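Asks: generate coordinates for the sequence data below:
(3 chains)
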Amino acid sequence: MENCLIDSAARIGRNVTFGAYVRVYGNVEIGDDCHIGDFCVIGHPTARTGSAPLRLGAGATIRSHAVIYEGSDIGAKLETGHHVVIREGSMIGENLRLGNFSDIEGTCTIGDFVRMHGYAHVGKHSTIGDFVWLFSLTTLMNDPLPPSHLELPVTIGDMATVCVNAQLMPGTQVGRGAFIAAGATAQGEIPAGMIITGPEGEIAGPVRFMMHMETRTRHPWPRHFTDAYPEHARARITALAAEIEAEAAAAAQPD
Amino acid sequence: MENCLIDSAARIGRNVTFGAYVRVYGNVEIGDDCHIGDFCVIGHPTARTGSAPLRLGAGATIRSHAVIYEGSDIGAKLETGHHVVIREGSMIGENLRLGNFSDIEGTCTIGDFVRMHGYAHVGKHSTIGDFVWLFSLTTLMNDPLPPSHLELPVTIGDMATVCVNAQLMPGTQVGRGAFIAAGATAQGEIPAGMIITGPEGEIAGPVRFMMHMETRTRHPWPRHFTDAYPEHARARITALAAEIEAEAAAAAQPD
Amino acid sequence: MENCLIDSAARIGRNVTFGAYVRVYGNVEIGDDCHIGDFCVIGHPTARTGSAPLRLGAGATIRSHAVIYEGSDIGAKLETGHHVVIREGSMIGENLRLGNFSDIEGTCTIGDFVRMHGYAHVGKHSTIGDFVWLFSLTTLMNDPLPPSHLELPVTIGDMATVCVNAQLMPGTQVGRGAFIAAGATAQGEIPAGMIITGPEGEIAGPVRFMMHMETRTRHPWPRHFTDAYPEHARARITALAAEIEAEAAAAAQPD
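Replies: Model (predicted):
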């Protein structure tokens, strides 16, 4: 903790390590076994007084030049890239991974085991389920008539995938297990388990038909995907996948 | 100013506060009542010698990890997000607000009360009027035949709105009060008060017809918008809005 | 080197200068005449032990808030913007220039004299030839069935140009001297010297027909382009341009 500026009011767990030139403000509770990288700002104050503290769960790895505000509650094992920003007032589950330059704009609700790649921009008041993937440059908007003070935040269901450069228009409700293709624009209600493509956000068919032709590989997520999820996540993946398949199949049936 | 490195040649006003680990170079004039956040670089030197100083107006709030070069002249009450870059040689009006990761590439002219969200990229030599909004991931290009040394910078008229992910091609002249929709590509001359949509940049109609159907709200900007503009901005908004409506109406009339 | 934290194991050449608050880790070899800007992280450790060092060639200029990992080998005269990230395991030629907020994701192969503008995102295992230009917000993907562990990285041939906001789908092979227009989506095999446009990645014709109508300027790259390439690059440009023209002409001929 030489070359760091750590407020004496900050509550810091055991085995917490700091890079160089870290700034930790006072309204902060850091769990055990966290690592905070070089040039990070932890517990950045908000304009309002009396904010809740930043609660950062155990086992976090925060890479350099990250900024995390006071007033968010983040589950265990957060892992961030470099240069990320997490604003105040968000409820975030366990095992969130954020890519470089990603930006969570505040007052969001984010489930467990969410993965975001670089430059992902999550607008204020967004709601994101469990096991959701957001790839690079995805944008979750919230203002249907910009600039206005109307707010129509985006909701993304469990296990949905949003690919590179996709834009989720204000008020989009992405169904569980849906797949928004690279460069697509999604809006309105996206049915569970469906693929959305193109600038008009057309439904291209069910996710279970996705296949990589050269390797004859069916879409491996979520049943066959072997990422480094911890043991206790796997039963949840299996159960959720079954639920989503049933939901998608029911939606595809005429009554 | 402990834990900061501030050149003794820098001219710094009254009630200026600094975060931790701030670097202020010498060729800088900072107005009164500014706050410079942690890990900022203020007055970054350019390659050329004899540059004008960075003049930063009173009341600025610069959030952490920002980089502002020498040789720009910035009006009062600048407010930036984190990780922004402002290069040299720009003339910037009062009350500019910049989102996280936005990038002003230098030698730009920017009016008063401009708002940019995150990852906005303003190419060299761009001209932006008063009360303009640029949402996330908007790009203002300037090279019509990349890579070349031709330069066709973008011009944006007063009170225009450019939505998420819009791309303004080199030489685009956005008329006053025009609205470039999310994901649209604009090029050429955009008439005042018109909506532009889609990858071909088609005119979709006049901005005054925009409405949010669910709430039956007409586009609230600029007449009904109640953002925190200071008192002295409001008379300008009213007068400009009337001018733009007259200009748009005249353009819509056959002779 | 006051206000810096430089590991005593780092090997540092002659005439190397440091900004303020620089962090240099130990597994690093920095060539002569480099400048490392304020708040940079050089030689960031990877998770694995026994990594090769970061080798940074002579004459580099690294601007502030950059992060470069151990385990990459970078040729002479690297020049970066602010807030860039270069991950581990990449082989990079001489005279790479990176714009602000660009991100090279690791284990890439990058030739000589490559230029990238801001927010360029180079996915893992990408291969980029000599004299390639990537403009702002270009994305090189690598996962054809996201999220999966399939890997189909992008390959870009010498002297190709990729314009603002273009997306290169997983497995795209961009031919030498090809031109991917702003906002285009490229996939599959792109013939040498061809222009690709639009969301479907259509071939719009040969690059040699490109012209700026107002100035009657033919596409000046690579024959007439007068950027500040060093003397020894020019003979290579001339020879490569002749090769690519012959390749493109042969591809356009029926047998």
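Asks: next one: stretch A:51-61 to chain centre, how far?
Replies: 16 Å (C-alpha atoms, centre = their mean, to the nearest Å).
Asks: what does it contact?
Replies: Outside stretch A:51-61, the residues that touch it by C-beta atoms under 8 Å, 6 or more residues apart in numbering or on different chains are A:11, A:13, A:27-37, A:42-43, A:45, A:68-80, A:88, A:94. For every residue, glycine as well, the C-beta is placed using N, CA and C.
Asks: same deal with stretch A:224-234?
Replies: With C-beta under 8 Å, 6+ apart, stretch A:224-234 has contacts from A:N95, A:D112, A:F113, A:F131, A:I237, C:P147, C:S148, C:H149.
Asks: go with 7 Å
Replies: By C-beta atoms under 7 Å, 6 or more residues apart in numbering or on different chains, the residues outside stretch A:224-234 that reach it are A:F113, A:I237, C:P147, C:S148, C:H149.
Asks: helix, strand or coil for the second one?
Replies: Applying DSSP: H, G, I helix; E, B strand; the rest coil to A:I237 yields a three-state assignment of helix.
Asks: if I look at it, how far off is chain C?
Replies: Distance from A:I237 to chain C, counting by C-beta to the nearest C-beta, to the nearest Å: 12 Å.
Asks: help me confirm that that residue comes into contact with A:P222.
Replies: Yes. The criterion here is C-beta atoms under 7 Å, and A:I237 meets it with A:P222 at 5.2 Å.
Asks: list residues touching both of these two?
Replies: Common neighbours of A:I237 and A:P222 (C-beta under 7 Å, 6+ apart) are A:F131.
Asks: rewinding a little: closest to B:I6 among the contacts of stretch A:224-234?
Replies: A:F113 (44.4 Å; C-beta to C-beta).
Asks: residues in contact with that closest one?
Replies: A:F113 touches A:N95, A:D130, A:F131, A:Y229, A:A233, counting by C-beta under 7 Å, 6+ apart.
Asks: which SSE is the third one in?
Replies: If I follow you right, that is A:F131. A:F131 belongs to no helix or strand when assigned by DSSP states H and E.
Asks: check contacts around it.
Replies: When contacts are taken as C-beta under 7 Å, 6+ apart, A:F131 is in contact with A:F113, A:D158, A:M159, A:P222, A:I237, A:L240.
Asks: next one: the fifth one relative to A:P220, how far apart?
Replies: Here the criterion is C-beta to C-beta, to the nearest Å. By it, A:I237 lies 12 Å from A:P220.
Asks: so between those two, which is more surrounded?
Replies: A:I237 (20 against 17; other C-beta atoms under 10 Å in any protein chain shown).
Asks: kindly list the main-chain dihedrals of the nearest residue to A:G71 once chain neighbours are set aside?
Replies: Using C-beta to C-beta, 6 or more residues apart in numbering or on different chains and skipping the chain neighbours, the partner closest in space to A:G71 is A:E88 (3.7 Å). According to degrees, to the nearest 10, the main-chain angles of A:E88 amount to phi -80, psi 160.
Asks: how many other residues sit next to A:E88?
Replies: Neighbours around A:E88, by other C-beta under 10 Å: 21.
Asks: give me the buried entries from the contacts of stretch A:51-61.
Replies: The neighbour count (16 or more other C-beta atoms under 10 Å in any protein chain shown) marks A:27-31, A:33-37, A:42-43, A:68-78, A:80, A:88, A:94 as buried among those.
Asks: where does the stretch 1-150 of chain A dip in pLDDT?
Replies: Within the stretch 1-150 of chain A, the stretches with pLDDT under 70 are A:1-2.
Asks: for it, which residues are neighbours of chain C?
Replies: A:3, A:20-21, A:38-39, A:64-65, A:82-83, A:100-101, A:118-119, A:133, A:135-137 (C-beta under 7 Å from any C-beta of the partner chain).
Asks: the stretch 151-255 of chain A too?
Replies: Residues of the stretch 151-255 of chain A lying near chain C (C-beta under 7 Å from any C-beta): A:161, A:163-165, A:182-183, A:199, A:210, A:212, A:215, A:217, A:219-221, A:225-226.
Asks: around chain B, pick out the residues from the stretch 51-200 of chain A.
Replies: A:65, A:67, A:83, A:85, A:101, A:103, A:119, A:121, A:139, A:141, A:144-150, A:167, A:169, A:185, A:199.
Asks: just those residues: which are in strands?
Replies: Here DSSP state E is the test, and those give A:V67, A:V85, A:D103, A:H121, A:T139, A:Q167, A:T185 as lying in strands.
Asks: the helices in chain A, which residues?
Replies: Secondary structure of chain A (DSSP state H): helices located at A:231-252.
Asks: now A:L140: closest residue in space, sequence neighbours ignored.
Replies: Using C-beta to C-beta, 6+ apart, the nearest residue to A:L140 is A:V154, at 4.3 Å.
Asks: hmm, I was thinking of A:H83
Replies: A:H83's closest residue in space is A:H65 (C-beta to C-beta, 6+ apart), at 4.6 Å.
Asks: state the distance from the one you found to B:D130.
Replies: From A:H65 over to B:D130 (counting by C-beta to C-beta), the distance is 33 Å.
Asks: more neighbours: the two, which one.
Replies: Ranked by neighbour count (other C-beta under 10 Å), A:H65 and B:D130 place A:H65 first, with 31 against 20.
Asks: phi, psi for that one please.
Replies: Dihedral angles (degrees, to the nearest 10) for A:H65: phi 60, psi 20.
Asks: ok, it touching B:V67?
Replies: No. Between A:H65 and B:V67 there is no contact under C-beta under 7 Å: 11.9 Å.
Asks: give the contact list for A:P146.
Replies: B:W133, B:F135, B:T161, B:C163.
Asks: er, A:L137 I mean
Replies: A:L137 neighbours (C-beta under 7 Å, 6+ apart): A:Y119, A:V164, A:N165, C:T139.
Asks: do that again at 6 Å, thanks
Replies: Neighbouring residues of A:L137 by C-beta atoms under 6 Å, 6 or more residues apart in numbering or on different chains: A:Y119, A:V164, A:N165.
Asks: quick one: it from C:G13, how far?
Replies: 37 Å.
Asks: wait, doesn't A:E189 sit right on A:T172?
Replies: No. In this structure A:E189 lies outside contact range of A:T172 using C-beta atoms under 6 Å: 8.0 Å.
Asks: neighbour count: the two, which is higher?
Replies: Neighbours were counted for A:E189 and for A:T172 using other C-beta under 10 Å; A:T172 has more, 25 against 11.
Asks: that older thread, so of the residues of the stretch 151-255 of chain A next to chain C, which ones are in strands?
Replies: Per DSSP E, those map to strands at A:T161, A:H212, A:T217.
Asks: most neighbours, which of those?
Replies: A:T161 (27 neighbours).
Asks: how about it: which residues does it bridge to?
Replies: Counting by DSSP bridges, A:T161 forms beta bridges with A:W133, A:F179.
Asks: got a pLDDT number for it?
Replies: Looking at A:T161, its pLDDT reads 98.
Asks: hmm, it is touching A:L134, no?
Replies: No. A:T161 lies out of contact with A:L134 (C-beta under 6 Å); the separation is 8.3 Å.
Asks: if I look at A:C4, how far off is A:I128?
Replies: 32 Å.
Asks: who has more neighbours out of the two?
Replies: A:I128 (27 against 18).
Asks: quick one, what contacts that one?
Replies: Contacts of A:I128 (C-beta under 6 Å, 6+ apart): A:I110, A:V114, A:I156.
Asks: so which of these wins on neighbours?
Replies: A:I156 (31 neighbours).
Asks: identify the bridge partners of that residue.
Replies: A:I128, A:V174.
Asks: surely it meets A:L134?
Replies: No. In this structure, A:I156 is not within contact of A:L134 by C-beta under 6 Å, at 8.0 Å.
Asks: can you lay out the contacts of A:P146 as a markdown table showing distance to C:M194?
Replies: Formatted as a markdown table, those follow (distance: C-beta to C-beta, whole Å):
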| residue | distance to C:M194 |
| --- | --- |
| B:W133 | 38 |
| B:F135 | 33 |
| B:T161 | 36 |
| B:C163 | 32 |
